[in-house]
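# need coordinates for the below:
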Amino acid sequence: MIKTIEISKLSDSELYKKCQEYGLQTRLWRQRFAGLLPEVFKRRLYRRRGFGSIHEFAAKLGGMSQRSVDKVLNLSYRLEGKPLLKSLLESGEQSWSKIEKVAFIANSKNQVELAEKVQSLPQPALEAYVQNIREQLTLQSQVQNIRVIPQGPRFVKVFYE
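Here you go, the predicted model:
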């Protein structure tokens, strides 16, 4: 038996709590739906179900934009060889936009640490963390590419390779 709620009899705070509850559920289900898209694309399930493209499939069934679908599919491709991060995407446990932030610095060695960061940090903190890591990687690569040639007692020439 379905329990019905008379919306007009709810107080403002009760109505607001219902909105929050339903909004949270919407986000969770959209994350889970997005996680299914790479497999739907791989199997071409959308064609067998009469949809013209994966974008049409996602728009009609999940309310996702073409841009979001493309990002999810590209992210899935980038996560090949990183099973822990890919499982976070496919399960819908974390949003694809958070996983996308760490995909650029992820490799098979640091995926465990990054998966923990994705699960524990809010998105702005995760962005700052990734930016800090990228700066460190840039500095390391610059230091490795510097070759110093002594040119007498006072002058040194520096060449960037």
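# count residues in the vicinity of L61, would you?
When neighbours are counted by other C-beta atoms under 10 Å, L61 registers 15. Glycine gets a C-beta too; all of them are placed from N, C-alpha and C.
# ok, now how distant is the residue nearest to it when sequence neighbours are not counted from Q66?
Nearest non-adjacent residue to L61, counting by C-beta to C-beta, 6 or more residues apart in numbering: F33, 7.3 Å away. According to C-beta to C-beta, to the nearest Å, F33 stands 15 Å off from Q66.
# higher neighbour count, the two?
Just comparing F33 and Q66: by other C-beta under 10 Å the higher neighbour count belongs to F33, 17 against 13.
# which secondary structure element is home to the more buried one?
If you go by DSSP states H and E, F33 is part of helix 12-43.
# and after that helix, which helix or strand comes next?
Downstream of helix 12-43, the first helix or strand assigned by DSSP H and E is helix 45-48.
# residues contacting that next one, please?
39-40, 53-54, 56-57 (C-beta atoms under 8 Å, 6 or more residues apart in numbering).
# check the residues you listed and tell me the two furthest apart.
Farthest pair in these (C-beta to C-beta) is E39 and E56. Separation: 17.2 Å.
# in terms of neighbours, single out the busier of the two.
Per other C-beta under 10 Å, whichever of E39 and E56 has more neighbours is E56, with 14 against 11.
# please name the nearest non-neighbouring residue to that one.
Distances taken as C-beta to C-beta, 6+ apart place Y46 nearest to E56, at 7.2 Å, with adjacent residues excluded.
# can you count the residues close to the one you found?
Neighbours of Y46 using other C-beta under 10 Å come to 20.
# coming back round to it: now the contacts of helix 45-48 in CSV, with pLDDT and distance to A106?
Below are the contacts of helix 45-48 laid out as CSV (pLDDT from 0 to 100; distance: C-beta to C-beta, whole Å):
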residue, pLDDT, distance to A106
E39, 94, 20
V40, 95, 23
S53, 95, 29
I54, 95, 24
E56, 95, 31
F57, 95, 28
